[in-house]
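**Q** Quick one: sequence and predicted model below, then my questions.
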Amino acid sequence: MYNLSSMYSMGLLEKGILSIIPEIVIVIFAFIVLFLTFFEKLSKSKNPYYLSVIGIGFSIIYVLMLSGKTISGFYGEIAFNRFDAFFFIVILLSGLFTVLMSKDFMENFEMPLPEYYSLILFGILAMMILIASNSLIMVFLSIEFLSITAYILTGYIKGNMRSTEAALKYFVLGSFASAFLVFGAVFIYAATGHLNLYNIHHFLSLISHGDIIRYGGIKTYLAIGLILFLVGLAFKMSLFPFHSWTPDAYEGASTPITSFMATGVKVAAFAIFLRIYFLIYSSNIMNFNDVLWIIAVLSMTFGNIAALLSPNIKRLMAYSSIAQAGYILIGIIGGGYYGYSGTLFYLLAYIFMTAGAFAIVIIFENLNLISLDIKRYSGLGYKHPFVAASMSIFLLSLAGIPMTAGFMGKFYVLSSAVKSGYNFLVVIALLNSAFAAFYYIRIISNMYMPSKKSADIELSNKNGSFGIIGGKISGELMFTVIVCLIFTILMGVYPQIFINFANNSVNSLWRI
């Protein structure tokens, strides 16, 4: 392990390589897994799964080893600090949960496994590069890399028309979002003459209080560029009105990939937006908080109303993720140290409660007990008491009920908004949270208080094979549920450890 003084004496290449060691580990294992396709016996075994888990595990170890360092490589295009380390851990956990969920699920479809697991690893790699990017070019390239893996994974189940249709819609709309990103970067470069985020920040600090006549043209180009770039990023964050791909993609993709997109992709998009917002959007060029204020309100309101009307659990979770994105955005709007650390805490909590909920959806899919129709969840609390109780906790956490991670996440982001004077926005968010609790509790009531007609259908089979001790639920899925359950409760009961982790990570944003 290198100490800080030895890092500054390194050459540019050495520092560059050191700054991307976690990414190098992932890309090496991704190619090893992909290489297994040349060997029929190896590709049909569980080797791709085990190699993926090992690769993610090694990458987490290297992130923890470097977590206290600040390293800049490749002429400032890529950086690694505590902010990046926080989100690397979150992304790698999302990828690990996705791999664990996929073990038995994908085998049921008899699809090529090495390509599938390598695509997940390449997606993790793209998200890590995106988070560590300090240049608009690197941001665009990593988003495109991530998008390509997401398009393929969404339509990976061949012969499934819904999956193919979802991938096509995702691709078409994603192409439009990419165009907005490119044109936004062009306008920003034309106005500032820089592509590096920190150079743009320093340029804006010089002209933010300048004469409007002298800098009027620059500010106009910059405002146009920032608006276009915001549209491209809002697409990845599933913010209203750039959300239209989300319900179809979530429903059409296999459930592990739905979890991957709902957690990893969304968190990576928020991570880079938080950095760009802090460095560029928070300048006095244009009051973007008013724009984000409107987007947050529309995202929360539309997401909750659409989720209430959705009979499909995956579409409900998709609309719920749109509403959750609105809540997370409030922390960024609140700004400052507490707003950003609250946003990081919320994103960490969101990973556990969302991944846990999707793991339970997969459990019932694997058992072939129920469809994705919420009505078919009736009576599950009697047949699967532990799984149903876990699902209830995850849903209550998403609703923001006290003693859960979701409640503390909302508390931190809303507190920051109150401190910044956005009281009306906080009132709207609280009303939305109360409204959202209705459709979350509706699922719980279905599991524990079924109607007589549903109970006659669902509880008529008294066969013990429906119990979770029957060996039909894989250990990997139960491990995912238990880990997510522990952290969802722990972050709600004793959040100080995690908020301190977020506080230390946010400190790196101010060191520019």
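**A** Great, that's in hand.
**Q** Now do the helix or strand where F203 lies: distance to the chain's middle.
**A** Using DSSP states H and E, F203 sits in helix 197-207. Counting by Cα atoms, centre = their mean, to the nearest Å, helix 197-207 is centred 29 Å from the centre of its parent chain.
**Q** Counting by contacts, list what it packs against.
**A** Packing partners of helix 197-207 (3 or more Cβ pairs under 8 Å, 6 or more residues apart in numbering; DSSP states H and E): helix 161-192, helix 212-237. (Each C-beta comes from the backbone N, C-alpha and C, glycine too.)
**Q** what angle do the shortest one and helix 161-192 make?
**A** Right, the one you point to is helix 212-237. Following axes from the mean of the first three to the mean of the last three Cα atoms, to 10 degrees, one obtains 160 degrees for the angle between helix 212-237 and helix 161-192.
**Q** What is the subsequent helix or strand relative to helix 212-237?
**A** Following helix 212-237 in sequence, per DSSP H and E, is helix 245-252.
**Q** got a list of contacts for that following helix?
**A** Contact partners of helix 245-252, identified using Cβ atoms under 8 Å, 6 or more residues apart in numbering, comprise 154-155, 160, 162-167, 169-170, 173-174, 235, 238, 258, 261-262, 306, 310, 312, 314-315, 317-319, 321-322, 372.
**Q** per-residue confidence averaged over it?
**A** Per-residue pLDDT over helix 245-252 has a mean of 83.
**Q** ditto for stretch 49-61
**A** Per-residue pLDDT over stretch 49-61 has a mean of 90.
**Q** That stretch: which residues count as buried?
**A** For stretch 49-61, the neighbour count (16 or more other Cβ atoms under 10 Å) marks Y49, L51, S52, V53, G55, I56, F58, S59, I60 as buried.
**Q** Kindly export that stretch (C-alpha atoms) in PDB.
**A** Once non-C-alpha atoms are left out, stretch 49-61 reads as follows in PDB (Å, rounded to 0.1, in the frame of the first residue of the first chain):
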ATOM      1  CA  TYR A  49     -21.300 -16.800 -11.600                       C
ATOM      2  CA  TYR A  50     -18.500 -17.600  -9.100                       C
ATOM      3  CA  LEU A  51     -15.900 -15.600 -11.100                       C
ATOM      4  CA  SER A  52     -18.200 -12.600 -11.100                       C
ATOM      5  CA  VAL A  53     -18.700 -12.700  -7.400                       C
ATOM      6  CA  ILE A  54     -15.000 -13.100  -6.800                       C
ATOM      7  CA  GLY A  55     -14.200 -10.200  -9.200                       C
ATOM      8  CA  ILE A  56     -16.700  -7.900  -7.400                       C
ATOM      9  CA  GLY A  57     -15.300  -9.000  -4.000                       C
ATOM     10  CA  PHE A  58     -11.700  -8.200  -5.000                       C
ATOM     11  CA  SER A  59     -12.700  -4.800  -6.400                       C
ATOM     12  CA  ILE A  60     -14.500  -3.900  -3.100                       C
ATOM     13  CA  ILE A  61     -11.300  -4.800  -1.200                       C
END
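**Q** roughly how far out does that stretch sit from the chain middle?
**A** Put simply, stretch 49-61 sits 19 Å off its chain's centre (Cα atoms, centre = their mean).
**Q** rewinding a little: tell me which of the helices and strands packed on helix 197-207 lies nearest to H202.
**A** helix 161-192 (9.6 Å; Cβ to Cβ).
**Q** any idea how far that closest one is from the chain center?
**A** Here helix 161-192 is found 18 Å from its chain centre; the criterion is Cα atoms, centre = their mean.
**Q** Quick check: buried residues in that helix?
**A** 163-167, 169-171, 173-174, 177-178, 180-189, 191-192.
**Q** try stretch 31-41
**A** The neighbour-count check on stretch 31-41 (16+ other Cβ under 10 Å) flags I32, V33, L34, L36 as buried.
**Q** Could you dump the residues you listed into TSV with pLDDT added?
**A** Shown next, in TSV, are these (pLDDT from 0 to 100):
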residue	pLDDT
I32	90
V33	88
L34	87
L36	80
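**Q** May I see those organised as TSV, with secondary structure added?
**A** Shown next, in TSV, are these (DSSP: H, G, I helix; E, B strand; the rest coil):
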residue	secondary structure
I32	helix
V33	helix
L34	helix
L36	helix
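**Q** Is S72 part of a helix or strand, or is it coil?
**A** The three-state assignment at S72 reads strand, by three-state DSSP.
**Q** From the buried residues of stretch 31-41, pick the one nearest S474.
**A** Nearest member of those to S474, counting by Cβ to Cβ, is V33, at 19.9 Å.
**Q** rewinding a little: the buried residues of stretch 49-61: which two are farthest apart?
**A** Maximum distance among the buried residues of stretch 49-61 (Cβ to Cβ): 17.0 Å, for Y49 and I60.
**Q** Please report phi then psi for I129.
**A** phi -60, psi -40 (degrees, to the nearest 10).
**Q** Tell me, how many residues neighbour it?
**A** Using other Cβ atoms under 10 Å, I129 has 23 other residues around it.
**Q** List the contacts of it.
**A** Residues in contact with I129 (Cβ under 8 Å, 6+ apart) are I20, E23, I78, M138, S142, F145.
**Q** How about the second one, nearest residue that isn't a chain neighbour?
**A** Leaving aside its sequence neighbours, E23 sits nearest to M128 (Cβ to Cβ, 6 or more residues apart in numbering; 5.1 Å).
**Q** swap in the fourth one?
**A** Taking Cβ to Cβ, 6+ apart as the measure, M138 lies nearest to E77, with 5.4 Å between them; neighbours along the chain are not counted.
**Q** Tell me the pLDDT of that neighbour.
**A** 78.
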